[in-house]
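*Asks:* Sequence and predicted model, in that order:
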Amino acid sequence: MRNVTKVFQAISMASLFFGVGHAAEPSATEVLARLDAAKTAPQLVAAIDAVKKLGPGAMPTLEAYAFDASKEPRVRMVVLRKVIAARSGNHASNTLQDLIGSSSDENFRALCAEELGRKPSPGGRALLKKLLFDSKESAHVQLAAAMGLAEMGDDAGKDRAKNAVLQNEPWANLAVRVLEKLKAKDVIAQIDQQARNAPDAHDRGSARIASLKLQLVDKSPVDRLGILEEALRDKESREVRKWAAMRLADIGSLEAGERLASVVNSGDSALADTAMRGLRMGIERKAWTKEKVKAWVGAGGQHNH
């Protein structure tokens with residue numbers, strides 16, 4: 001089975017919904033062949049966009065692909081979303097429930113559990129709670145069920161997600177997403193304590209990033225910039241600084257660029273190096289220009305507005 005993990009990591013959630021266009025009108029078989037053959041992020045984005053553009057006549061071919069257990073789970077889910085989008089709410093929910101019950105692939109079952117949360121139904125909610133509290137289920141499936149419930153506005157998975165973060169489980173990033181969705185700011189203090197007390201530097205950094213993600217929920221743009229700049233000046237964790245630089249580059253506003261530049265001009269070489277990486281990411285994404293960055297940083301290291 002072709003491994004597409006790195007390709008998917010290179011694609012933002014926005015790319016999954018807004019790919020690039022095609023002039024031709026390929027058949028469903030041709031589009032799915034492109035999807036299978038995609039090896040780079042641009043190729044995968046283009047193939048996903050082509051899947052989304054297929055008409056009702058392609059549905060039998062798409063269904064055959066979506067229900068093919070040999071396909072890579074995340075690629076398969078792209079097609080399955082297209083299939084269930086054409087079904088009524090209850091029909092879509094029942095399809096996902098059936099797939100969770102029949103599939104032996106943990107990753108695919110987890111993806112279906114998350115998707116089930118976007119197709120609310122009493123039966124779907126009941127199944128997600130069963131998965132969440134079933135001690136025989138993997139952590140991945142349990143936390144995906146918590147995410148599905150959070151999508152429904154149900155906080156039954158909050159404690160499971162909090163414990164996954166505090167114990168730095170392998171799927172802790174998914175757990176943080178659950179807490180973000182639930183706007184569970186009441187757990188920040190516990191996570192901050194974990195960030196202070198964890199014996200391992202990597203665990204401290206992971207907990208600190210989890211706390212920062214929750215702190216950003218519902219904050220104003222100005223407050224978000226302030227939180228991220230403070231994180232960018234964190235002298236204890238390079239991972240925290242890298243995360244903050246990436247988030248500022250993701251925001252991509254002039255104000256975000258200036259925050260990065262102010263750290264570049266701080267006089268601390270370790271902080272400046274990470275912040276400069278953020279500015280370079282912004283240039284690559286065309287958020288700001290080389291000329292603008294040069295003006296901000298300036299010869300001699302003085303911040304230039």
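*Replies:* Ah, there it is.
*Asks:* Quick one: low-confidence residue ranges for the stretch 201-305 of the chain.
*Replies:* Along the stretch 201-305 of the chain, segments meeting pLDDT under 70 span 299-305.
*Asks:* let's see 90
*Replies:* Residue ranges of the stretch 201-305 of the chain with pLDDT under 90: 298-305.
*Asks:* List the contacts of Ala161.
*Replies:* Leu143, Ala146, Ala175, Val176, Val178, Leu179, Leu182, Ala184 (CB atoms under 8 Å, 6 or more residues apart in numbering). Placement of C-beta: from N, CA and C, glycine included.
*Asks:* can you put the residues you listed in a markdown table and add pLDDT, neighbour count and distance to Lys242?
*Replies:* What follows is the contacts of Ala161, written out as a markdown table (pLDDT from 0 to 100; neighbours: other CB atoms under 10 Å; distance: CB to CB, whole Å):
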| residue | pLDDT | neighbour count | distance to Lys242 |
| --- | --- | --- | --- |
| Leu143 | 98 | 30 | 24 |
| Ala146 | 98 | 34 | 27 |
| Ala175 | 98 | 27 | 21 |
| Val176 | 98 | 25 | 16 |
| Val178 | 98 | 27 | 23 |
| Leu179 | 98 | 27 | 21 |
| Leu182 | 98 | 23 | 26 |
| Ala184 | 97 | 21 | 25 |
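*Asks:* Closest to Glu236 out of the residues you listed?
*Replies:* Taking CB to CB as the measure, Val176 is the one of the contacts of Ala161 closest to Glu236, at 19.8 Å.
*Asks:* any idea which element the closest one lies in?
*Replies:* Using DSSP states H and E, Val176 maps to helix 172-182.
*Asks:* secondary structure class for Lys219?
*Replies:* For Lys219, the secondary-structure state derived from DSSP: H, G, I helix; E, B strand; the rest coil is coil.
*Asks:* That one and Asp155: what is the separation?
*Replies:* With the distance defined as CB to CB, to the nearest Å, Lys219 ends up 21 Å from Asp155.
*Asks:* What of Val79?
*Replies:* 31 Å.
*Asks:* Comparing Lys219 and Asp155, which shows the higher neighbour count?
*Replies:* Higher neighbour count among Lys219 and Asp155: Asp155, with 17 against 13, using other CB atoms under 10 Å.
*Asks:* Please tell me I have it right and the more buried one contacts Leu149.
*Replies:* Yes: at 7.5 Å, Asp155 counts as touching Leu149 under the criterion of CB atoms under 8 Å.
*Asks:* Tell me how many other residues crowd Leu128.
*Replies:* Leu128 - counted by other CB under 10 Å - has 29 other residues nearby.
*Asks:* Find the helix or strand that it is a member of.
*Replies:* Per DSSP H and E: helix 122-133 holds Leu128.
*Asks:* Could I get the buried residue list for that helix?
*Replies:* Gly124, Arg125, Leu127, Leu128, Lys129, Leu131, Leu132 (16 or more other CB atoms under 10 Å).
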